[in-house]
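>>> Using only what follows, build the 3D model:
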Amino acid sequence: MRSSNPVLTRLDETSRVQRRVGGAEAMTVDDVVVRTVGLLLLTGLTAAVAWVVVPQAVWVPAALTGTALAGLVLAVVISWRGIANPVPIVGYALLQGLLLGVASRAFELVYPGIVVQAVAGTFGVFLGMALLYRARLVRATPLLARLVVGTLLGIVAISLVNLAVYLVTGRQGLEIYSLTGEVGWPAYAFSVVAIIAGALSFILDFDLVERSIRAGLPRRYAWLCAFGMLVGLIFLYWQILRLLSYLRR
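Prediction:
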């Protein structure tokens, strides 16, 4: 079964050809958890520094665009190559922390308290899905995989088209880029679908990590697992933050 997360999909392909290892060399759940927590702390610390240090200047939007593009390129390279080296993965966490810090402060200035709500909602959803998976109340079935993967691919495609239209015409459709103004029901529906799909994708990710551990992948691949979890959490945070901003208008 393939994960909806492109990073962990690469991990699934790796497990089919990678030589099985055992003992201290094999990846464990603790290895994945420790690295995931470490990346989250690094991202959060960088975001906090950017929040305080980076000024609200006219060049900030351009800097944010460059940071977002650099982070996207780095994520694609790591995912495509299946890189398990911590150096580029840490670099991605730093770039995303800078983007999260500056952009989140912009939301916070307009809607006080929204960032805390978005962070709490993100980790609440993640922990909820982890508990559901642990209790086997939601299983990573082939049908669920097809639904989640298809929905996320559709979300990405629509988001790219929506962004292109906005840059060319200035019109906003299913995703609203301004921080103020009215929001129609299609934008609400799109955000809700994205959050549900992002939440369910963790079920597929947990299952894939579990199967990779059983396959005996080397410990270094725990970095790739942690990177995949970080990508999923950042995606979910942005979706929740956007929906909360709609509700506060």
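
>>> what's next to stretch 159-169, contact-wise?
With CB atoms under 8 Å, 6 or more residues apart in numbering as the test, stretch 159-169 has contacts from 171-175, 177. Heads up, the C-betas are built off the backbone N, CA and C, glycines and all.

>>> Can you name the next helix or strand after the lengthiest helix in the chain?
Counting by DSSP state H, the longest helix found in the chain is helix 185-214. Scanning forward in sequence from helix 185-214, with DSSP states H and E defining helices and strands, the next element found is helix 221-247.

>>> packing partners for that following helix?
In terms of contacts (3 or more CB pairs under 8 Å, 6 or more residues apart in numbering; DSSP states H and E), helix 221-247 is packed against helix 6-17, helix 29-53, helix 60-81, helix 86-110, helix 114-134, helix 185-214.

>>> Show me which residues of the one helix or strand V161 maps to are buried.
Taking DSSP H and E as the criterion, the element that holds V161 is helix 142-169. Neighbour counts over helix 142-169 (16 or more other CB atoms under 10 Å) mark 144-145, 148-149, 151-152, 155, 158, 162, 166 as buried.

>>> Stretch 171-184 too?
When burial is assessed from 16+ other CB under 10 Å, stretch 171-184 yields the following buried residues: 172-176, 183.

>>> Mind exporting the C-alpha coordinates of that stretch to PDB?
Written as PDB, here are the backbone C-alpha positions of stretch 171-184 (Å, rounded to 0.1, in the frame of the first residue of the first chain):
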ATOM      1  CA  ARG A 171      -9.100  36.800  -8.600                       C
ATOM      2  CA  GLN A 172      -9.300  34.400  -5.700                       C
ATOM      3  CA  GLY A 173     -11.200  31.200  -5.900                       C
ATOM      4  CA  LEU A 174     -11.100  28.100  -3.700                       C
ATOM      5  CA  GLU A 175      -8.100  29.400  -1.700                       C
ATOM      6  CA  ILE A 176      -8.200  32.900  -0.400                       C
ATOM      7  CA  TYR A 177      -4.800  34.700  -0.100                       C
ATOM      8  CA  SER A 178      -5.800  38.000   1.400                       C
ATOM      9  CA  LEU A 179      -6.100  38.100   5.200                       C
ATOM     10  CA  THR A 180      -9.400  40.100   5.200                       C
ATOM     11  CA  GLY A 181     -12.500  40.300   3.100                       C
ATOM     12  CA  GLU A 182     -15.500  38.000   2.600                       C
ATOM     13  CA  VAL A 183     -15.100  34.300   2.000                       C
ATOM     14  CA  GLY A 184     -17.600  32.200   0.000                       C
END
